[in-house]
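**Student:** based on what follows, work out the 3D shape:
(chains A and B)
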Amino acid sequence: EAQVTQNPRYLITVTGKKLTVTCSQNMNHEYMSWYRQDPGLGLRQIYYSMNVEVTDKGDVPEGYKVSRKEKRNFPLILESPSPNQTSLYFCASSLGGLAGEERHTQYFGPGTRLTVL
Amino acid sequence: AQKITQTQPGMFVQEKEAVTLDCTYDTSDQSYGLFWYKQPSSGEMIFLIYQGSYDEQNATEGRYSLNFQKARKSANLVISASQLGDSAMYFCAIVTDFRKAAGNKLTFGGGTRVLVKP
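**Tutor:** Modelled structure (predicted):
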């Protein structure tokens, strides 16, 4: 089954304790992205990656890191989490590329609910 | 910069009736893609339907259809024969400027909450 998986689905942690949220897709997609969803602010992009070893900042990258060492994986790293990073996080992927509109349909993982105390 | 506006924060619909969710967009790009996603109370984001800016026909996917009016910059979602499982938040989103890497970013509207009544 074609899918995007995220782990963990739920996480409660404390300020300053480093954590990683994993994201993996089995569709051979080039483009992967992380979003966070907050009440009243909607979905905002954190980081994205066009392909292996190619990553760039989205709209709200502060406090986050990412890496893309393999095409299928795109982990989100919070080096020193703070309470304002409490949110619902989504990983998404698409074929991507620079042509062909259908390639840009993004498929989302199930989400990770993070609470930072 | 692109923008999506969904003016209906919430609405009720009777089971088996059709419902139209409004979406207007603002972009100066000539090439763009419009998407609708469903987010049930469980939280996942489910892709429903896609419309390309150069598509001359309205997109359809099962009970979902997209009423695309390019001149008015609107991309309304129509759900026919509503079911109880259609109760969810619905988001309209846009991707523009595919020639740039950053153009793959989805810009979302604020969403419309739909509650289907039995």
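**Student:** low-confidence ranges in chain A?
**Tutor:** Chain A contains residues with pLDDT under 70 at A:97-102.
**Student:** now do the strands in it.
**Tutor:** Using DSSP state E, the strands of chain A run over residues A:4-7, A:10-13, A:19-25, A:31-38, A:42-51, A:54-57, A:65-66, A:76-78, A:87-94, A:107-108, A:112-116.
**Student:** could I get these as CSV with distance to chain B?
**Tutor:** In this view, the C-beta of every residue, glycine as well, is placed from N, C-alpha and C. Converted to CSV, these look like this (distance: least, Cβ to the nearest Cβ, whole Å):
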stretch, distance to chain B
strand A:4-7, 10
strand A:10-13, 10
strand A:19-25, 13
strand A:31-38, 5
strand A:42-51, 5
strand A:54-57, 7
strand A:65-66, 14
strand A:76-78, 16
strand A:87-94, 6
strand A:107-108, 4
strand A:112-116, 7
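**Student:** is B:Leu34 bridged to anything, and to what?
**Tutor:** B:Gln51, B:Ile94 (DSSP bridges).
**Student:** go ahead and confirm it touches B:Leu66.
**Tutor:** Yes. Taking Cβ atoms under 8 Å as the definition, B:Leu34 is a contact partner of B:Leu66 at 7.2 Å.
**Student:** compare those two (neighbour count), which wins?
**Tutor:** B:Leu34 (27 against 24; other Cβ atoms under 10 Å in any protein chain shown).
**Student:** and the more buried one, how far from B:Gly85?
**Tutor:** Distance of B:Leu34 to B:Gly85, computed by Cβ to Cβ, to the nearest Å: 24 Å.
**Student:** same question for A:Pro8.
**Tutor:** 27 Å.
**Student:** neighbouring contacts of stretch B:73-83?
**Tutor:** Contact with stretch B:73-83 is made by B:13-27, B:34, B:36, B:48-49, B:51, B:63-69, B:86, B:90, B:92, B:114, B:116, as judged by Cβ atoms under 8 Å, 6 or more residues apart in numbering or on different chains.
**Student:** now, these that are in strands?
**Tutor:** The strands, defined by DSSP E, take in B:13-14, B:19-21, B:24-26, B:34, B:36, B:48-49, B:51, B:64-69, B:90, B:92, B:114, B:116 from the contacts of stretch B:73-83.
**Student:** grab the nearest non-local neighbour of A:Val116.
**Tutor:** In space, A:Val116 comes closest to A:Pro81 once its chain neighbours are excluded; the distance is 4.5 Å by Cβ to Cβ, 6 or more residues apart in numbering or on different chains.
**Student:** show me what contacts residue 45?
**Tutor:** All of this refers to chain A. So A:Gln45 contacts A:33-35, A:58-60, B:105-106 (Cβ under 8 Å, 6+ apart).
**Student:** you looked at the wrong chain, it should be chain B
**Tutor:** Counted by Cβ under 8 Å, 6+ apart, B:Met45 has contacts A:90, A:92, A:108, A:111, B:37-39, B:91.
**Student:** just those residues now: which is nearest A:Asn51?
**Tutor:** A:Ala92 (15.2 Å; Cβ to Cβ).
**Student:** isn't that closest one right next to A:Gln106, touching?
**Tutor:** Yes. A:Ala92 is within contact range of A:Gln106, at 4.2 Å (criterion: Cβ under 8 Å).
**Student:** list residues touching both of these two?
**Tutor:** Common neighbours of A:Ala92 and A:Gln106, counting by Cβ under 8 Å, 6+ apart, are A:33, B:106.
**Student:** before we move on, back to that, using JSON lines, lay out the contacts of A:Gln45 together with neighbour count and distance to B:Thr5.
**Tutor:** Shown next, in JSON lines, are these (neighbours: other Cβ atoms under 10 Å in any protein chain shown; distance: Cβ to Cβ, whole Å):
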{"residue": "A:Ser33", "neighbour count": "26", "distance to B:Thr5": "22"}
{"residue": "A:Trp34", "neighbour count": "27", "distance to B:Thr5": "25"}
{"residue": "A:Tyr35", "neighbour count": "27", "distance to B:Thr5": "19"}
{"residue": "A:Gly58", "neighbour count": "18", "distance to B:Thr5": "21"}
{"residue": "A:Asp59", "neighbour count": "14", "distance to B:Thr5": "18"}
{"residue": "A:Val60", "neighbour count": "18", "distance to B:Thr5": "21"}
{"residue": "B:Lys105", "neighbour count": "23", "distance to B:Thr5": "17"}
{"residue": "B:Leu106", "neighbour count": "25", "distance to B:Thr5": "15"}
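**Student:** all set, thanks.
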